[in-house]
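In: here is the input, now give the coordinates:
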Amino acid sequence: MPLLNRLKEHRARIGVNQAELGRMAGVSRQTISLIERGDYSPSVTLALKLAGILECSVEDIFTYCEGEEEDEE
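Out: Below is the predicted model of the structure:
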């Protein structure tokens, strides 16, 4: 997936587990897990909400790598 993330690192920095972060963001633990694994790209709203909770910018958490999918083929 071309959307890379550092959500796990930022979550660890504030000392919360996936369930706690999910509760704070209004989503399930499974959603947080999927995002961290790169299996799910959050909506803009959720990305902004996570950045607010983690007190950083969306760009600190998520990085879009254009062309990553083409390189894998």
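
In: which elements pack onto the longest helix anywhere in the chain?
Out: For the chain, the helix with the greatest residue count under DSSP state H is helix 44-54. Counting contacts by 3 or more C-beta pairs under 8 Å, 6 or more residues apart in numbering; DSSP states H and E, helix 44-54 packs against helix 7-14, helix 18-25, helix 58-61. Quick note: C-beta positions are derived from backbone N, CA and C, even for glycine.

In: for that helix, buried residues please.
Out: The neighbour-count check on helix 44-54 (16 or more other C-beta atoms under 10 Å) flags 46-47, 49-51, 54 as buried.

In: which residues are in contact with it?
Out: 7, 10-11, 13-14, 21, 24-27, 42, 57-58, 60-62 (C-beta atoms under 8 Å, 6 or more residues apart in numbering).

In: what about dumping the CA coordinates of it to PDB?
Out: Below are the C-alpha coordinates for helix 44-54, written out as PDB (Å, rounded to 0.1, in the frame of the first residue of the first chain):
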ATOM      1  CA  VAL A  44      -9.400  12.300   6.300                       C
ATOM      2  CA  THR A  45     -11.600  12.900   9.400                       C
ATOM      3  CA  LEU A  46     -10.200   9.900  11.300                       C
ATOM      4  CA  ALA A  47      -6.600  10.900  10.300                       C
ATOM      5  CA  LEU A  48      -7.200  14.400  11.600                       C
ATOM      6  CA  LYS A  49      -8.800  13.000  14.800                       C
ATOM      7  CA  LEU A  50      -5.800  10.700  15.400                       C
ATOM      8  CA  ALA A  51      -3.400  13.500  14.900                       C
ATOM      9  CA  GLY A  52      -5.200  15.700  17.400                       C
ATOM     10  CA  ILE A  53      -5.200  12.900  20.000                       C
ATOM     11  CA  LEU A  54      -1.500  12.200  19.400                       C
END
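
In: mean confidence for it?
Out: The average pLDDT within helix 44-54 is 98.

In: angle of whichever strand or helix holds residue 32 against helix 7-14?
Out: Using DSSP states H and E, residue 32 falls within helix 29-37. Between helix 29-37 and helix 7-14, the angle comes out at 110 degrees (axes from the mean of the first three to the mean of the last three C-alpha atoms, to 10 degrees).

In: fine, thanks again, bye for now.
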